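J.: any chance you can model this:
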Amino acid sequence: MLGFLRGRRRLLTALLALACFLMFGYALYTQYHDHLEPCPLCIFQRIAVVGLGVALLIAAALPLRWRVAGNGSAVLVAAVGLAGMAVSARHLYIQAQPPGKVPTCGAPLDYMWEVLPATDVLRRVLTGSGECGRVDWSLLGLSMPGWVLIGLLVLTSAGVLANWRSRRTGWSRP
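T.: Numbers count the residues shown, from 1 in each chain. Below is the predicted model of the structure:
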């Protein structure tokens, strides 16, 4: 089956993008159906998942002859995926801290965007706060940021492999 998909770069990349949008859909489901409010780091992970989906759609849509940078699509997918993985890893680190080590809950994200410069908002969010250290959902012993990290790792790796142009063989099909 891998050989079948390897020759169909666009199909595989589009399926990976669909998986990203399904992950985002599940996050919305847990928010609105299960009433799990996302913390600021969760929101940034959602942005990264959707961003990865968009990067994968761009990679799937571009004909090979339009790629000026050669492996530009693969690099874009890798950059967005790695940024999302960094946010997920930071969230897991905050959740692993013992009680009392994580600062108390901060201001809501929408309020911070209104009153603070973007650099201060990013710094405060990535520092983490009490709501980011709380684990409200887990599956098989992993919290949601752990599953997001695994999902981003798999989807990013597959997206890069599907779109990376080998100098020796090139792409087999558009």
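
J.: and the strands in this protein?
T.: 138-139, 142-143 (DSSP state E).

J.: residues contacting the spatially closest residue to Gly84 that is not a sequence neighbour?
T.: Counting by Cβ to Cβ, 6 or more residues apart in numbering, Gly84 lies nearest to Ala48, which is 2.7 Å off, once chain neighbours are set aside. Any C-beta I mention is one placed from the backbone N, CA and C, and that applies to glycine too. With contact set as Cβ atoms under 8 Å, 6 or more residues apart in numbering, Ala48 has these partners: 80-81, 83-84, 87-88, 152.

J.: just the buried ones out of the residues you listed, please.
T.: Taking 16 or more other Cβ atoms under 10 Å as the criterion, what is buried in those is 80-81, 83-84, 87-88, 152.

J.: dump those into TSV; add distance to Ala61 and pLDDT as well.
T.: Formatted as TSV, the buried ones among the contacts of Ala48 follow (distance: Cβ to Cβ, whole Å; pLDDT from 0 to 100):
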residue	distance to Ala61	pLDDT
Val80	16	94
Gly81	18	94
Ala83	21	93
Gly84	21	93
Val87	26	88
Ser88	27	89
Leu152	21	94
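
J.: picking up where we left off before, lowest mean pLDDT across the strands of the chain, which one is that?
T.: Note on the strands of the chain: strand 138-139 shows the lowest mean pLDDT, a mean of 66.
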